[in-house]
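Novice: fold the following.
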Amino acid sequence: MKARPIAAALAVLGYVIMLVPILFVVASAFTSSSTLSFPPKGFSLQWFGKAAAYQPFTDALVSSLLLAGCATALALALGVPVALGLHRGAIPGRSLLQGLFLSPLVVPELVIGLALYQQLMIGLGQTAFAALLIGHAVLLMPYAVRVTGAALTLADPALEEAARGLGATPWRAFRTVTLPLLRPGVMSAALLGFITSFNNVPLSLLLQSRDFGTLPVTMLDYVQQSYDPVIAAMSTLILAATIIVAVVAERTVGFTRIFGGIN
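Specialist: Here you go, the predicted structure:
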């Protein structure tokens, strides 16, 4: 009983540590001052207009959305069959293979980025987008394999076997029975993967070029050159977009269905 007030106090402290800096950034975006300051001086929306009109930010936003979408799709296209094989197939060395596919979670991103830079961009002459796509897909593979595998563990394989026993082909049984059961896990992996790719800095910092840059790295470069509230306004816009996506996901699918099978 005595531990409950302590746990509650620690939980409140954790929320304060996470939320207060975000509130500072959001409040600073509405200042009328020409420099970042808190508390904000006056009230103005001018910095949101300047952030939306700043060409490097808009170009980098399009690049980040394209990269995150393609990397998520590629990771799911590879990760879902891998998860099926690891959980349903009689594969020797299953634990070793599973550890291999989860290894990007523990390998430093700078090491992965340096290896891809040397082998793909220097050795094979690939573009920055190709190197970033492969690198981000590698980073997202653990989410696709682990989260989809968690949903697959909760699915009853007898349902697919019953469909095949009634004459369905393996592909039709997978498409009409197994895939709907995996949908919450696939959506979980897609959400986590897209957010991870969109927010990535270390790998993108190593592999991007002048022709293709991501929004987080562009924002980092902007902070090093300028100290006006444009960066706070852009961060607030990204936060608002994230909240909208979360609300839509909750209304359409529900977080319990999306993340409930991940333990």
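Novice: kindly list the longest helix within the protein.
Specialist: Criterion DSSP state H: the longest helix present in the chain is helix 55-88.
Novice: who does the next helix or strand after it touch, helix- and strand-wise?
Specialist: Downstream of helix 55-88, the first helix or strand assigned by DSSP states H and E is helix 94-102. Judged by 3 or more C-beta pairs under 8 Å, 6 or more residues apart in numbering; DSSP states H and E, helix 94-102 is in contact with helix 55-88, helix 128-154. Just so you know, the C-beta spots here come from the backbone N, C-alpha and C atoms, and that holds for glycine as well.
Novice: and these, which one is worst for confidence?
Specialist: Out of those, helix 128-154 stands lowest, with a mean of 85 (criterion: mean pLDDT).
Novice: pull out the buried positions in that helix.
Specialist: 128-152 (16 or more other C-beta atoms under 10 Å).
Novice: check which helices and strands it sits against.
Specialist: In terms of contacts (3+ C-beta pairs under 8 Å, 6+ apart), helix 128-154 is packed against helix 55-88, helix 94-102, helix 109-116, helix 179-199, helix 202-207.
Novice: how far does it sit from the chain's center?
Specialist: Mean-position distance between helix 128-154 and its chain equals 10 Å (C-alpha atoms, centre = their mean, to the nearest Å).
Novice: show me what contacts Leu67?
Specialist: Neighbouring residues of Leu67 by C-beta atoms under 8 Å, 6 or more residues apart in numbering: 129, 132-133, 136, 197, 214.
Novice: again, only this time at 7 Å
Specialist: By C-beta atoms under 7 Å, 6 or more residues apart in numbering, Leu67 lies in contact with 132-133, 136, 197, 214.
Novice: next: Ala163.
Specialist: With C-beta under 7 Å, 6+ apart, Ala163 has these contacts: 173, 176-177.
Novice: and those residues as a markdown table, adding pLDDT and secondary structure?
Specialist: Listed next are those as a markdown table, based on pLDDT from 0 to 100; DSSP: H, G, I helix; E, B strand; the rest coil:
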| residue | pLDDT | secondary structure |
| --- | --- | --- |
| Ala173 | 74 | helix |
| Thr176 | 77 | helix |
| Val177 | 76 | helix |
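Novice: what is the neighbour count of the nearest residue to Ser28 once chain neighbours are set aside?
Specialist: In space, and not counting its chain neighbours, Ser28 is closest to Ala232: 4.3 Å by C-beta to C-beta, 6 or more residues apart in numbering. Neighbour count of Ala232, defined by other C-beta atoms under 10 Å: 23.
Novice: can you show me the CA trace of the helix or strand where Ala232 lies as PDB?
Specialist: Ala232 belongs to helix 230-252 when elements are defined using DSSP H and E. Written as PDB, here are the backbone C-alpha positions of helix 230-252 (Å, rounded to 0.1, in the frame of the first residue of the first chain):
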ATOM      1  CA  VAL A 230      10.400  29.300 -36.800                       C
ATOM      2  CA  ILE A 231      11.800  26.100 -35.500                       C
ATOM      3  CA  ALA A 232       9.400  26.100 -32.600                       C
ATOM      4  CA  ALA A 233       6.500  26.700 -35.000                       C
ATOM      5  CA  MET A 234       7.600  23.800 -37.200                       C
ATOM      6  CA  SER A 235       7.900  21.500 -34.200                       C
ATOM      7  CA  THR A 236       4.400  22.500 -33.100                       C
ATOM      8  CA  LEU A 237       3.000  21.800 -36.500                       C
ATOM      9  CA  ILE A 238       4.600  18.300 -36.400                       C
ATOM     10  CA  LEU A 239       3.200  17.700 -32.900                       C
ATOM     11  CA  ALA A 240      -0.300  18.700 -34.100                       C
ATOM     12  CA  ALA A 241      -0.100  16.400 -37.100                       C
ATOM     13  CA  THR A 242       1.000  13.600 -34.800                       C
ATOM     14  CA  ILE A 243      -2.000  14.200 -32.500                       C
ATOM     15  CA  ILE A 244      -4.300  14.100 -35.500                       C
ATOM     16  CA  VAL A 245      -2.900  10.800 -36.700                       C
ATOM     17  CA  ALA A 246      -3.200   9.400 -33.200                       C
ATOM     18  CA  VAL A 247      -6.900  10.500 -32.900                       C
ATOM     19  CA  VAL A 248      -7.700   9.100 -36.300                       C
ATOM     20  CA  ALA A 249      -6.000   5.800 -35.400                       C
ATOM     21  CA  GLU A 250      -8.000   5.600 -32.100                       C
ATOM     22  CA  ARG A 251     -11.300   6.400 -33.800                       C
ATOM     23  CA  THR A 252     -10.900   4.000 -36.700                       C
END
